[in-house]
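Peer 1: Model the structure of this input:
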Amino acid sequence: MSNATKQHYLGFDVLFNMATIGIIVADIDDNILMVNPHLLGQSGYQEQEVVGSTINSLMVCQGNEKAILRKDGTQFPVEITIGEHITPDGPIKIIHITDISDRKATEFTLRELEKQKAEIVLKEGSLQRMNSVFTNLWSNAGAMIIVTNEDGYIKWFNPAAERILGYKASEVVDICTPMILHDKEEIALRAEEFSKQLNQEIPVGLETLLIKARLNLRNEYEWLYVKKDGSTLPVSLAVSALRNGSEISGYMGIAIDLTRIKQAESELRVALEKERDLNELKSRFVSLASHEFRTPLSAILSSIYLVSKYEAIEDVNKRTKHIQRIISSVNSLTDILNDFLSVGKIEEGKIQVHISNFDPGKHISNVLHEMDGLKKPQQQIYYAHHGPASATLDPTLLKHIVMNLVSNAIKFSPEGAVISVRSASTDNSFQLSVKDKGIGISATDKQHLFERFFRSEQVANIQGTGLGLHIVAKYTELLNGTITCKSALDLGTEFLITVPFPKN
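Peer 2: Residues are numbered from 1 along each chain as shown. Coordinates of the predicted model:
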């Protein structure tokens, strides 16, 4: 720089040296002529280290961003203002350099704050959505949700719990523990069960409910909840501990009402039981058919063979005897088939009750007349009807009841025995009694008398399916009647059936 230029510039000496921003004086080709003390202090250079070099050696540009490169290799952001000044030696550039580190730091801080704010807003939005989901779940969940503090006192009691259990939240929150919902005997049994599982003594009470959750073990079991009105309902209850780090801050129980599930299970068991009964009926039919059908079929075949041999006129009595034997065997087969058909219809619910008004005396007399061929030699059936000649019930079911009871009386009574059949009508009911003087029934056998396929050991040598009394009991039940049996071994048996007339 010439003396003239220096003299021209020295008028700015005070401003140049005392300025609190950086100042560079450069020629028109960007060669540095002078650097003020403030910029030298900021950059760490000595004046002789930068004078003569170009501005670009001291400045870093990244897009619109500019920075001064310090001697130690670091840099700081700056804002540049360039002005031209005419001197005797020609034009020069006066470059004002302002350190904007604080501004950039502030901008960065503001950006971070804005970012954090956005994150907070986002989190708050997520939290609000989560709260909305939780509120919706809490309010509309079908399951009962109960939350307690660490001491077991109820803090939250959701609407489903209120609706199903009958308690208002205000009645239990901060007042009761979940023990209010549990049966003491069931708690005692479960405490004993848990004591064995955990190999330690579990106190009977609230600890029984919480111990597994506290130990972080699976804690989902079926319980019987006791509602406010004292009724009970089965639930599946899962209890878990609410943890804040390693500390337990409370417990949450989620209970699902199993009433419908249990009802469905019960209905399924009934259906399966009915299916098993039907399968058993089929199996017993095959078994009995092979046994019970063999004797009458053999008798029929042998009698047919012998009838074919008795061709002479003098053999008429012998032919008649075997023809009666054939008829008796066919009747036996028919009775067996009728028993199985009746039981099958009963099990399938296909028996229809048709109520009508009729004369029971005439009706039963006709039935007994049809059964004359079943009587043993010299057996007699005595029948009498008492009361009005009118009854209002199903005549077909009554016929089957009479036939089964009387055929049993014939079968289990000796030759020459008298069988007494008595009926009576009143204005409201009908009564039937069938009494014999046969082998009788033991007290033990009476307990199983109306069970399907039951046959006493005493009658093992007498043909039968063990279905007759079962059918009688079921038909009586369909008529809303009752059946009782009075009997003792070797003293005979009396069956007494009472059927009420349907009310108009």
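Peer 1: Enumerate every residue touching residue 361.
Peer 2: With contacts defined as CB atoms under 8 Å, 6 or more residues apart in numbering, the neighbours of residue 361 are 385, 389, 423. No exception for glycine: its C-beta is placed from N, CA and C like everyone else's.
Peer 1: Mind telling me what element it is part of?
Peer 2: Following DSSP states H and E, one finds residue 361 within helix 360-370.
Peer 1: so after that helix, what's the next helix or strand?
Peer 2: Reading on from helix 360-370 to the C-terminus, the next helix or strand found by DSSP H and E is strand 380-386.
Peer 1: Can you tell me the strand partners of that following strand and which way each runs?
Peer 2: For strand 380-386, the paired strands and their directions (DSSP bridges) read strand 418-425 (parallel).
Peer 1: from the middle of its chain, how far away would the partner strand be?
Peer 2: Centre-to-centre, strand 418-425 and its host chain are 55 Å apart (CA atoms, centre = their mean, to the nearest Å).
Peer 1: What of stretch 429-448?
Peer 2: 47 Å.
Peer 1: can you give me the helices for the stretch 1-150 of the chain?
Peer 2: When assigned using DSSP state H, counting those that start in this stretch, the helices of the stretch 1-150 of the chain occupy the ranges 3-9, 13-18, 37-43, 47-50, 101-140.
Peer 1: rank the ones you listed by pLDDT, which is bottom?
Peer 2: Of all the helices of the stretch 1-150 of the chain, the minimum mean pLDDT falls on helix 3-9 (a mean of 50).
Peer 1: For the contacts of residue 361, pick the one with the most neighbours.
Peer 2: Using other CB atoms under 10 Å as the contact criterion, the top neighbour count among the contacts of residue 361 goes to residue 423, which has 23 neighbours.
Peer 1: my guess is that residue contacts residue 405, does it?
Peer 2: No. The pair residue 423 / residue 405 is not scored as a contact, 11.6 Å apart, by CB atoms under 8 Å.
Peer 1: what touches both of these two?
Peer 2: With CB under 8 Å, 6+ apart applied, the overlap between the contact sets of residue 423 and residue 405 consists of residue 432.
Peer 1: pull the helix or strand with minimum mean pLDDT from this protein.
Peer 2: Least confident element among the helices and strands of the chain, by mean pLDDT, DSSP states H and E: helix 3-9 (a mean of 50).
Peer 1: Look up how far residue 360 lies from residue 388.
Peer 2: According to CB to CB, to the nearest Å, residue 388 stands 9 Å off from residue 360.
Peer 1: Could you tell me which residues touch both of the two?
Peer 2: Common neighbours of residue 388 and residue 360, using CB under 8 Å, 6+ apart, are residue 425.
Peer 1: Those two: which is more packed in?
Peer 2: The residue with more neighbours, out of residue 388 and residue 360 and counting by other CB under 10 Å, is residue 360; that gives 24 against 14.
Peer 1: Next up, the contacts around the more buried one.
Peer 2: Listed by CB under 8 Å, 6+ apart, the contact partners of residue 360 are 385, 389, 390, 391, 398, 423, 425, 430.
Peer 1: if we go to 10 Å?
Peer 2: When contacts are counted by CB atoms under 10 Å, 6 or more residues apart in numbering, residue 360 is found next to 385, 387-393, 395, 398, 402, 423-425, 430-432.
Peer 1: Would you check how far apart it and residue 92 are?
Peer 2: Applying CB to CB, one obtains 142 Å for the distance of residue 360 from residue 92.
Peer 1: now do residue 69
Peer 2: Relative to residue 92, residue 69 is positioned 23 Å away (criterion: CB to CB).
Peer 1: who's more crowded, these two?
Peer 2: With other CB under 10 Å as the criterion, residue 69 and residue 92 differ in neighbour count, and residue 92 comes out ahead with 20 against 17.
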